[in-house]
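# Attaching a predicted model along with its sequence, questions to come.
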Amino acid sequence: MISILQIIVTLFIVFALSRAIFRFRDKQINLLELVFWCLLWIAAGVVLFIPQATNPIARLLNVGRGIDVPVYLSIVLLFYLVFRLYVKLDSINQNITKIVREVAIKKKK
């Protein structure tokens, strides 16, 4: 029997997949990023409907319950994505500082 949570998460997965496809069509993400996000959301759907599918991975990683594996992996993924955002924001900040300096020097002359 399908639960309300499964319906809601499935709708969100379809929405997220559509956003990834639209971003790819608009050339805002490349093919590798599209494949990554599609695989991630499809894996989330599989775990949603077949949670015992993670049990072999849990045994391999010596984790107590199979459902803990996606939770741990998602936390690691979130930390990695936050790190990438931090690096990107730092780069943007440096670029803005450089541009502002150049404009200020040009105005001074």
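Looks like it came in fine.

# got a list of what residue 37 touches?
Residues in contact with residue 37 (Cβ atoms under 8 Å, 6 or more residues apart in numbering) are 16, 17, 20, 29. The way it works is simple: take the backbone N, C-alpha and C, and place the C-beta from them, glycine included.

# 7 Å - rerun?
Shown in contact with residue 37 (Cβ atoms under 7 Å, 6 or more residues apart in numbering): residue 20.

# then the lowest-mean-pLDDT helix or strand in the chain to CSV, C-alphas only?
Sorting the helices and strands of the chain by mean pLDDT, DSSP states H and E puts helix 55-61 at the bottom, at a mean of 90. C-alpha atoms of helix 55-61 as CSV (Å, rounded to 0.1, in the frame of the first residue of the first chain):
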residue,chain,number,x,y,z
ASN,A,55,20.4,-3.6,3.2
PRO,A,56,23.3,-5.2,1.2
ILE,A,57,25.1,-1.9,1.1
ALA,A,58,24.5,-1.5,4.9
ARG,A,59,26.1,-4.9,5.5
LEU,A,60,29.0,-4.1,3.3
LEU,A,61,29.6,-0.8,5.1
